[in-house]
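Asker: everything below, folded, please.
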Amino acid sequence: RARGRHRRRREPRACFGELLHLDGSRHAWLRRRPDDQQTLIAVLDDATKRLLYAQLWPAESTVAVMTALRAVFACEGLPVALYTDRAGWAFHTPRAGGGVDRTRPTQVGRALAQLGIEHIPSYCPQGRGRSERLNRTVQGRLINELVLAGITTVSAANRYLTEQFIPDYNAEFAHPPADPTPAFVPLHDVDLDAILCHLEERTVGRDNVVVLVDLALQIPKQPGRRTCAGVRVTVRRDVSGEHSVWHGPRCWGRFDALGRLLAPTRGARPARPKNARAHLAQDRRSRRRPGPTIPSRTRRRGPRLPIGPRA
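Answerer: All right, here's what the predicted structure looks like:
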């Protein structure tokens with residue numbers, strides 16, 4: 001039998017945030033509900049083996065992955081690279097088991113490119129060794145811990161993961177990085193909601209409606225425009241299911257998950273007292289009242305001095 005080429009074990013990255021692993025593990029995590037399988041979405045740092053995110057989801061979907069990435073990015077910042085498998089949400093593969101097509105990015109791939117994060121695909125099971133070892137460790141511990149805690153619902157299990165399991169896991173397995181300088185980049189003014197979402201280009205119909213696969217979004221009348229028909233717009237669907245229609249930097253409408261128009265959010269006006277008119281009149285009088293160094297016409301003046309002859 002032909003022998004494979006000699007391989008070496010890959011050394012971990014040196015800096016915290018230099019490489020993150022994201023993987024999903026489908027399993028019957030709740031022993032008291034064996035027929036109800038959930039997918040554990042986990043994010044692990046390569047340099048420190050620190051578990052950054054772990055939550056149960058119905059499936060390894062685009063929404064689940066974007067929610068996990070947003071939680072990590074909002075807490076730590078932007079990493080240098082992300083290592084995942086070649087699932088449908090991650091890459092487009094024209095041929096099963098073949099290479100990925102970088103010219104046709106998925107929604108997650110597009111978001112990572114906008115954020116400047118390198119997306120690395122896995123081509124062998126050994127490349128996902130750290131994620132697989134994490135999944136085996138979690139399966140061996142989490143199920144029993146949930147039983148001992150009397151947890152039978154997904155929401156309670158997710159709270160337990162955040163409050164108890166992740167801190168205990170990191171206390172036992174995480175270690176300092178080889179280089180103490182973190183590689184995470186601060187967010188500053190990056191709007192994650194505008195990037196970690198589902199984007200589609202659409203053309204407004206003659207009735208000012210944007211048609212999606214299962215929704216019709218009625219755009220309200222826009223100031224300065226007789227109609228929006230024929231305009232190319234961007235439809236944004238965030239992880240909560242709400243939609244918004246954008247024309248450049250302007251939002252033409254926000255809609256709920258059922259396509260109903262939401263009321264525009266305006267800045268709250270300061271509350272005025274009941275006797276607002278009296279307060280305003282008093283304020284005007286105080287502004288007109290002269291200071292001690294400014295002469296007033298209403299003040300009593302001294303006796304007039306005689307004016308002498310002019311030269």
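Asker: where do the strands of this structure begin and end?
Answerer: For the chain, applying DSSP state E gives strands covering 20-27, 38-45, 51-57, 81-84, 118-121, 198-203, 209-211, 216-218, 232-237, 243-247, 250-255.
Asker: quickly compare the ones you listed and say which is most buried.
Answerer: strand 38-45 (a mean of 23; mean count of other Cβ atoms under 10 Å). Any C-beta I mention is one placed from the backbone N, CA and C, and that applies to glycine too.
Asker: report the angle between the axes of that strand and strand 51-57?
Answerer: 170 degrees (axes from the mean of the first three to the mean of the last three Cα atoms, to 10 degrees).
Asker: from the chain's centre, how far out does strand 38-45 sit?
Answerer: Remark: strand 38-45 is offset 17 Å from the chain centroid, using Cα atoms, centre = their mean, to the nearest Å.
Asker: got any ranges where the stretch 201-311 of the chain has weak pLDDT?
Answerer: For the stretch 201-311 of the chain, applying pLDDT under 70 flags the ranges 265-311.
Asker: before we move on, the earlier item: nearest to Tyr169, of the strands of the chain?
Answerer: With Cβ to Cβ, the closest approach to Tyr169 among the strands of the chain belongs to strand 51-57: 5.1 Å.
Asker: so what are the domain limits for the chain?
Answerer: Under automatic domain parsing, the residue ranges defining each domain of the chain are 20-173, 197-255.
Asker: pick out the shakiest of those domains, pLDDT-wise.
Answerer: The minimum mean pLDDT among the domains of the chain belongs to domain 20-173 (a mean of 90).
Asker: could the strands of the chain go into CSV alongside distance to Thr93?
Answerer: Below are the strands of the chain laid out as CSV (distance: least, Cβ to Cβ, whole Å):
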stretch, distance to Thr93
strand 20-27, 17
strand 38-45, 20
strand 51-57, 22
strand 81-84, 13
strand 118-121, 9
strand 198-203, 20
strand 209-211, 30
strand 216-218, 32
strand 232-237, 24
strand 243-247, 29
strand 250-255, 33
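Asker: so which of those is nearest Asp168?
Answerer: Among the strands of the chain, the nearest to Asp168 by Cβ to Cβ is strand 51-57 (9.8 Å).
Asker: sorry, back to before: of all the strands of the chain, which one comes closest to Ala90?
Answerer: Nearest to Ala90 among the strands of the chain is strand 81-84 (4.8 Å), distances taken as Cβ to Cβ.
Asker: note down every partner strand of that closest one and its orientation.
Answerer: With DSSP bridges as the test, strand 81-84 is paired with strand 20-27 (parallel), strand 118-121 (parallel).
Asker: need these in TSV with distance to Asp36, can you?
Answerer: Conversion of the strands paired with strand 81-84 to TSV gives the following (distance: least, Cβ to Cβ, whole Å):
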stretch	distance to Asp36
strand 20-27	11
strand 118-121	31
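Asker: to Gly97, which of the strands of the chain lies closest?
Answerer: strand 118-121 (11.9 Å).
Asker: who touches that closest one?
Answerer: With contacts defined as Cβ atoms under 8 Å, 6 or more residues apart in numbering, strand 118-121 is touched by 19, 80-86, 90-91, 100, 108-109, 112-113.
Asker: which residues touch Arg70?
Answerer: Arg70 neighbours (Cβ under 8 Å, 6+ apart): 192, 196, 239.
Asker: going through those residues, which ones are buried?
Answerer: 192, 196, 239 (16 or more other Cβ atoms under 10 Å).
Asker: mind putting these into JSON lines with distance to Gln139?
Answerer: Below are the buried ones among the contacts of Arg70 laid out as JSON lines (distance: Cβ to Cβ, whole Å):
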{"residue": "Leu192", "distance to Gln139": "31"}
{"residue": "Leu196", "distance to Gln139": "28"}
{"residue": "Val239", "distance to Gln139": "26"}
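Asker: out of those residues, which is nearest to Leu40?
Answerer: Nearest member of the buried ones among the contacts of Arg70 to Leu40, counting by Cβ to Cβ, is Val239, at 17.9 Å.
Asker: my read: the closest one touches Thr67, true?
Answerer: Yes: counting by Cβ atoms under 8 Å, Thr67 is a contact partner of Val239 at 5.1 Å.
Asker: is Ala229 in contact with Asn208, as I believe?
Answerer: Yes: assessed by Cβ under 8 Å, Ala229 is found in contact with Asn208 at 6.1 Å.
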